[in-house]
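>>> take a look and give me a structure for this.
(chains A and B, ligands or ions: 2)
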Amino acid sequence: MHHSFLDKYSELESPVHRIHPLVKLCGYGVILLFTLTASIYRPLEFVIAGVLILGVVSISRIPIIYVIRKTLLLSPLMITLLILLPFIRGERILWGINFIFPISITAEGVYLSGTIAVKSVLVFWSSVLLVSTTRFPDLLYALRMVRVPQTMITVLAFMYRYVFLLIDETERMETAHRARLVRRQGLPLLMKSVVYLVRAIFIRSFERSTRVYQAMCARGFRGEVCLLQTPSIHTADIVFLFVFTGLIVVIKLAI
Amino acid sequence: MQMTDVDRTNTPVLRLKDVYYTYPDGVESLRGVSLEVYRDEKVGLVGPNGAGKSTLMTVVIGIRIPRTGEVEVLGQVLNPKTRREIRRRAGLVFQDPDDQLFCPTVFDEVAFAPINMGYPEEQVTEMVARALKQVDLEGYERRSSFHLSIGERKRLAFATVLSYSPEILLIDEPSANLDPQHRRQTINLLKSLPQTMLIATHDLDLVLDVCERCFVINRGRIVADGDVESILTDEQLLLSNGLELPLSRQ
Ligand SMILES: Nc1ncnc2c1ncn2[C@@H]1O[C@H](COP(=O)(O)OP(=O)(O)O)[C@@H](O)[C@H]1O
Ligand SMILES: [Mg+2]
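Residues are numbered from 1 along each chain as shown, chains lettered A, B, ... in the order given. Ligands and ions are numbered 1, 2, ... in the order given. You can find the predicted model right below:
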């Protein structure tokens, strides 16, 4: 079980990793607010947000290429947006034809799709940054401190555990499946074997999660994930949060 | 082999009386199991795959409820009221560490039971440190438990149970999937721990090394009970129950 699904770099040593998780969560909130209130009519705001995020990424020693590559995960969504949105109704028509009914690309549509695309990328980058510089339990702890309901935290904690489990079972089954794969099978046969594979993965994951649950009960589990480790907030963390927030506010006002 | 003084005149710390267990799909995996384990004993439970060893282990701490029969642990009859207390005093180490490990870090993993059992914070930290030391994993606290080697995960699985110092240890296949060196480490660990133990395995050499007494289980029934020397040298008995003479006795 060697996975790097979410938190490949969360164990690195860097000034960013050392910031208190709660402070990081707040900083994340500030960046989100800044990005979401930015406007395509003032593109400098986006540039600043992007530079800021990637700057922090480089301080945290996470390879920028890793963050960029992860962004590809967004591409299906992006492509859909970029293709569809320009066609929404608007005042300023940039290009149009009459094909059965009139089709036109509007300036508003282009701006909107651009805004959504840029904002999603920036939000995505900051999220990757947050989970890559914070250990998952610390993140849970921070979420608890900002009063995220216990149930939600329990669900997240389990997701973190079971995602690994699922990937694991899938990998194992896939290997076994590939080992038995007859070369050049017809499509119907292939479909059938994929259905079997998915079913087997489901059953095995279910059986394993039953065993994990039993093991938890054996150790006194009563339905609530208890966390103990409580990293303490240092003055430096608080100073950082103020300086960072101040900086963002100044930038926002200046533009 | 060390022989501790076992007092078999006292009441046993673990007693099963005529236990039957049937899985929901109809497989009857325990058919009238009766056995007794006394304080300070290290007892082997040997049998081929599918004999019912794992089922028996889970029945003892009430993860599975027998259809009929009685389980008594440390003088308490197992029922929904006593289950929590019994689980605190009898710990089960699962066969596959991946079933047992689910927390993000080694620390959380070992602290899980003590926290859930309501120990105060300073004590939990202490318990974790002690358990990790017992299994030679000091300094691993902040590591992620999914990224350890199989040998380390096996020892971590032990630590998660040792943390709350149960009086009885139920250990399922301690040497499964281990290379010779890690197997040796595990055997040494088993020998060094003071707890009363019931060890389910088909590694008969391990049983010879660690235990004084053993049960042979096959098809859900206990078919033999005696000291390891006489049972594990009885070729006829072993062969007829899907086992072989230990390598060291061949
Ligand atoms: N979850 C389950 N559902 C149905 N049958 C099971 C389950 N687990 C085990 N069994 C069956 O119960 C019997 C005993 O299994 P088990 O206790 O795991 O044996 P052992 O640990 O000695 O290898 C076997 O026949 C096995 O197929
Ligand atoms: Mg078993």
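
>>> now do the helices in chain B.
All helices of chain B, identified by DSSP state H, fall at B:53-60, B:83-89, B:97-100, B:106-116, B:121-134, B:150-162, B:180-192, B:204-210, B:228-231, B:235-239.

>>> can you check the stretch 51-200 of chain A too?
A:64-71, A:75-84, A:107-133, A:136-145, A:150-180, A:187-218 (DSSP state H, counting those that start in this stretch).

>>> in the last one, which residues are buried?
Neighbour counts over helix A:187-218 (16 or more other C-beta atoms under 10 Å in any protein chain shown) mark A:197, A:200-201, A:204-205, A:208-209, A:211-212, A:214-218 as buried. All C-beta atoms are positioned from the backbone trio N, CA, C, and that covers glycine.

>>> what do you get for the fourth one?
Buried positions in helix A:136-145, judged by neighbour count with 16+ other C-beta under 10 Å: A:136, A:137, A:138, A:139, A:140, A:141, A:142, A:143, A:144.

>>> what mean pLDDT does stretch B:9-21 have?
What stretch B:9-21 shows for mean pLDDT is 92.

>>> to clarify, my last question referred to stretch B:44-55.
Throughout stretch B:44-55, pLDDT has a mean value of 96.

>>> gap between the residue sitting nearest the centre point of chain B and ligand 1?
In chain B, the residue lying closest to the centroid (C-alpha atoms, centre = their mean) is residue B:171, at 1.7 Å. Per C-beta to the nearest ligand atom, to the nearest Å, residue B:171 is found 12 Å from ligand 1.

>>> tell me which residues form a beta bridge with that residue?
Beta bridges link residue B:171 to residue B:93, residue B:199 when assigned by DSSP bridges.

>>> could you verify my assumption that it touches residue B:193?
No - Residue B:171 lies out of contact with residue B:193 (C-beta atoms under 8 Å); the separation is 9.6 Å.

>>> which other residues reach the helix or strand bottoming out on mean pLDDT in chain B?
Lowest by mean pLDDT, DSSP states H and E among the helices and strands of chain B is helix B:97-100, with a mean of 86. Residues from elsewhere that reach helix B:97-100, judged by C-beta atoms under 8 Å, 6 or more residues apart in numbering or on different chains: A:1, A:165, A:168, A:208, A:211-212, A:214-215, B:93-94, B:150, B:153-154, B:156-157, B:160.

>>> about what we covered before: can you lay out the helices of chain B as TSV showing mean neighbour count?
Listed next are these as TSV, based on neighbours: other C-beta atoms under 10 Å in any protein chain shown:
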stretch	mean neighbour count
helix B:53-60	24
helix B:83-89	18
helix B:97-100	24
helix B:106-116	26
helix B:121-134	17
helix B:150-162	23
helix B:180-192	15
helix B:204-210	21
helix B:228-231	18
helix B:235-239	14
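
>>> for the ones you listed, which one sits closest to ligand 1?
helix B:53-60 (3.2 Å; C-beta to the nearest ligand atom).

>>> helices or strands next to the closest one in the packing?
strand B:14-22, strand B:28-37, strand B:68-73, strand B:90-93, strand B:168-172, strand B:196-201 (3 or more C-beta pairs under 8 Å, 6 or more residues apart in numbering or on different chains; DSSP states H and E).

>>> repeat that with 6 Å
Packing contacts for helix B:53-60, counted by 3 or more C-beta pairs under 6 Å, 6 or more residues apart in numbering or on different chains; DSSP states H and E, involve strand B:168-172.

>>> quick one, the strand it packs on and strand B:196-201 angle?
If you take axes from the mean of the first three to the mean of the last three C-alpha atoms, to 10 degrees, strand B:168-172 sits at 10 degrees to strand B:196-201.

>>> now strand B:168-172, how far from the centre of its chain.
Centre-to-centre, strand B:168-172 and its host chain are 2 Å apart (C-alpha atoms, centre = their mean, to the nearest Å).

>>> could I have that strand exported to CSV, CA atoms only?
C-alpha atoms of strand B:168-172 as CSV (Å, rounded to 0.1, in the frame of the first residue of the first chain):
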residue,chain,number,x,y,z
ILE,B,168,-5.3,-11.8,27.3
LEU,B,169,-4.0,-11.6,23.8
LEU,B,170,-5.7,-13.4,21.0
ILE,B,171,-3.4,-13.5,18.0
ASP,B,172,-4.5,-14.6,14.6
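
>>> wait, residue A:17 touches residue A:135, no?
No - using C-beta atoms under 6 Å, residue A:17 makes no contact with residue A:135, being 8.6 Å away.

>>> separation between the residue nearest to residue B:123 when sequence neighbours are not counted and residue B:120?
Nearest residue to residue B:123, sequence neighbours excluded (C-beta to C-beta, 6 or more residues apart in numbering or on different chains): residue B:114, at 7.3 Å. Here residue B:114 is placed at a distance of 9 Å from residue B:120 (C-beta to C-beta, to the nearest Å).

>>> in chain A, which helix or strand is least confident?
strand A:93-99 (a mean of 70).

>>> pull the number of nearby residues for the closest residue to residue A:40 other than its chain neighbours.
Excluding its sequence neighbours, the residue lying closest to residue A:40 (C-beta to C-beta, 6+ apart) is residue A:115, at 4.5 Å. Residues lying near residue A:115 (other C-beta atoms under 10 Å in any protein chain shown) number 16.

>>> what do you get for residue A:9?
Neighbours of residue A:9 (other C-beta under 10 Å): 20.

>>> what does the one 5 residues further on give?
Residues contacting residue A:14 under the criterion other C-beta under 10 Å number 15.

>>> ok, it - contacts?
A:60, A:61 (C-beta atoms under 6 Å, 6 or more residues apart in numbering or on different chains).

>>> got it, and the one 10 residues further on?
Residue A:24 sits next to residue A:134 when contact means C-beta under 6 Å, 6+ apart.
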